[in-house]
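In: got a predicted model here, sequence first, then my questions.
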Amino acid sequence: MTSVTSSAPETGARGPAPVPAFAVISGAQVQQALQGREREIVDLVEATYRLHGAGQTVNPPSYFLRFPDRPTSRIIALPASVGGPVAVDGLKWISSFPENVAAGVPRASAVLILNDHDTGYPFACLESSIISATRTAASAALAADPL
């Protein structure tokens, strides 16, 4: 994990306010953190769906960035807010460029920006294609359990 802090103090009536830490988390770090935690991830996805069912999430429409010169490609902005014990806001910025596959580059890539629920201050940027794929798989596993 790479932490970045600002050296420029914010001024206020009581002097400089501390700037919260900001972490940049690579795909390798994300993959390592998720390794072997499949059951825990499925449980987390279930808890998140329950928070959504209880009205403790905000999940506005996605915004699609499309390109006239590349009609099969797109980048999607997915803002969201989760309340409950998690209480975090953020944005997933995920791209899908199918033509990448022929060049040996992954079709999808993503980043996740997380913001403090109380202050709105961003505290992390994570490589998120692994998180997205893991959440998709966990959702399928969760649905398959009752079946």
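Out: Perfect, I can see it now. None of the values given here were measured: they were computed from a predicted structure.

In: apart from its chain neighbours, what residue comes closest to Ile113?
Out: Spatial nearest neighbour of Ile113, excluding adjacent residues (Cβ to Cβ, 6 or more residues apart in numbering): Leu91 at 4.9 Å. Where C-beta positions appear, they are placed from N, C-alpha and C, glycine not excepted.

In: which is the next helix or strand following the strand or helix carrying the one you found?
Out: In the assignment (DSSP states H and E), Leu91 maps to strand 88-96. Next helix or strand after strand 88-96 toward the C-terminus (DSSP H and E): strand 108-116.

In: tell me what Trp93 is bridged to.
Out: When bridges are called by DSSP bridges, Trp93 pairs up with Ala77, Val111.

In: out of the helices and strands in the chain, which is least certain?
Out: The weakest-scoring helix or strand in the chain, judged by mean pLDDT, DSSP states H and E, is strand 2-4 (a mean of 49).

In: would you say Arg74 is within a helix?
Out: No: assignment of Arg74 by DSSP: H, G, I helix; E, B strand; the rest coil gives strand, placing it outside any helix.

In: contacting residues around it?
Out: For Arg74, the contacting residues are Phe64, Leu65, Arg66, Phe67, Ser95, Ser96, by Cβ atoms under 8 Å, 6 or more residues apart in numbering.

In: buried members of those residues into PyMOL, please.
Out: Listed next is the PyMOL selection for buried residues among those, using 16 or more other Cβ atoms under 10 Å:
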select buried, resi 95
